[in-house]
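Asks: how does the following fold in three dimensions:
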Amino acid sequence: MQTTLNREEKKIVSLAALGGMLEFYDFIIYGIFSVYFAHQFFPSSNEYLSIIQSYGVFVLGYLARPIGGIIFSHIGDEYGRKKVLIITVTLMGIASLGIGLLPTYSHINIAAPILLLLLRLLQGLALGGELPSTYVYISETILTKQGLSFGIVMAGVNAGLLLGMSINQILNSILTPEQIQIYGWRIPFIFGGILCLISYQIRKMLQETPSFQKIHDKPSFPLFYLFKNHFLQVLAGIASTSVMSGLVVVTVVFMPTYLREMLHLDSKTISNNMLIVIFINVVSIYLIGLLAQKTKPHIILRSVLILSVIFIPFCYWLMKENHYLIYGLIILGILEGGAAMITPLFLTYLFPTKIRLTGVALCYNISQTLFGGMSPVMITYFIKNGANVYFTPVFYLLIITLICAAGVTYAVKNNSALRRNSSHSHSN
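Replies: Next up is the predicted model:
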């Protein structure tokens, strides 16, 4: 089996990875930097309340993702994957620029959080179409090297986190915490918005997928067709994505806020540690992609679940001691890398080409909303009301690991392509 990409495949994978990185960066920096500007849009004497209100907007961005997924997957299954990739990156750039330039509550009162909410919703709509379209685009374009291709693309997407963390690191090294809270938090949003608008030009270089061009029996309403003919596979897909959704938010996106507001660590320590974690996370995704060239997706995903049950409690136990904090964070980052790499590939096997994007987008976005977007608010709420600061995230992650295991078991049992193939082409 080939483990290298030819020139054209490298171009396709690189463009997809770059676009995914920039768009994921724009969406995720809200979670990274909201701790700095929460009080400016949601003034409150209760710091926990401000966090919950700010992450309420974070959740709404996730709630918009299924809606964006429905809208853009319909466009993608009807008119092509490339069209969606161009539209979504443009919307994300506009929304991020808007957040970066938005006046605060002290300047325009209640209009500030309302506009923040609307721009966050626009981000959610865009990402709801972007990432599923990227997954489907790669799965339908590079048919025999999907493990390697997804490893590179998902490493690129998660490198959006690395970019966000790096900018956080730079800002913390050159600005004081007060300067970051006053104006520094705006820089990553403006930077990301500009990059997204530039990547619009890059996306136009992509070609439509061969698989889409061969479809002759497209349903008029892909979503209705999906529910009528593949409803149980949809439920299995949602459940199968839960561990990826929970791990990326709880152990990466929400982690800086958790470490600062609940474990009371300083910003510089947090940014130093998280930068290391995300770098190792990106490398682990690429290496697991190489493994996926030779191993069936469901076997890797099940291995991630088993390792999660074993190591998640151990990681938070390590985090109780400052000297061992980084080791716990690194292990969590590797677990998230495994889930982030293999879950999107796993999802693309569940549905036929004519409704593949609708199926992938629906499963991915609903799961991200239910198991990812809600987690910061839930964890903060329970800790605020007396739950153990270490046990609460562990319990949450273990619950979604069990949900994922149930979904994977059903999906594999009822999908011959998953049982038969490793990283070869899908059946139509």
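Asks: for residue 390, give me its contacts.
Replies: Residues in contact with residue 390 (C-beta atoms under 8 Å, 6 or more residues apart in numbering) are 316-317, 319-320. Every C-beta, even on glycine, is put in place using the N, C-alpha and C of the backbone.
Asks: rerun that using 10 Å as the cut-off
Replies: 262-263, 313, 315-317, 319-320, 383 (C-beta atoms under 10 Å, 6 or more residues apart in numbering).
Asks: so what pLDDT did it get?
Replies: We have a pLDDT of 90 for residue 390.
Asks: got phi/psi on it?
Replies: phi -100, psi -40 (degrees, to the nearest 10).
Asks: all helices for the stretch 151-300 of the chain, in order.
Replies: Secondary structure of the stretch 151-300 of the chain by DSSP state H, counting those that start in this stretch: the helices cover 177-179, 186-203, 210-213, 222-240, 242-248, 255-257, 267-292, 297-319.
Asks: same question for the stretch 301-428 of the chain.
Replies: 325-348, 356-367, 375-384, 391-413, 416-420.
Asks: let's have those in JSON lines, adding distance to residue 223 and mean neighbour count.
Replies: Output for these, formatted as JSON lines (distance: least, C-beta to C-beta, whole Å; neighbours: other C-beta atoms under 10 Å):
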{"stretch": "helix 325-348", "distance to residue 223": "16", "mean neighbour count": "25"}
{"stretch": "helix 356-367", "distance to residue 223": "6", "mean neighbour count": "29"}
{"stretch": "helix 375-384", "distance to residue 223": "27", "mean neighbour count": "20"}
{"stretch": "helix 391-413", "distance to residue 223": "20", "mean neighbour count": "19"}
{"stretch": "helix 416-420", "distance to residue 223": "22", "mean neighbour count": "14"}
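Asks: which one, of those helices, ends up nearest to residue 189?
Replies: helix 375-384 (19.0 Å; C-beta to C-beta).
Asks: just the angle between that closest one and helix 391-413, please?
Replies: Following axes from the mean of the first three to the mean of the last three C-alpha atoms, to 10 degrees, one obtains 140 degrees for the angle between helix 375-384 and helix 391-413.
Asks: could we number from 706 for the rest of this?
Replies: Yes, from this point I'll number from 706; that puts the last item at helix 1080-1089.
Asks: re the thing from before, the helices of the stretch 1006-1133 of the chain: lowest mean pLDDT?
Replies: When I compare those, helix 1121-1125 is least confident, with a mean of 63.
Asks: any weak-confidence spans in this structure?
Replies: 706-708, 732, 749-761, 763-764, 917-918, 920-921, 1121-1133 (pLDDT under 70).
Asks: list the buried residues for the longest helix belonging to it?
Replies: Criterion DSSP state H: the longest helix present in the chain is helix 712-746. For helix 712-746, burial by neighbour count (16 or more other C-beta atoms under 10 Å) applies to 714, 717-718, 720-746.
Asks: that concludes my questions; thank you for your assistance.
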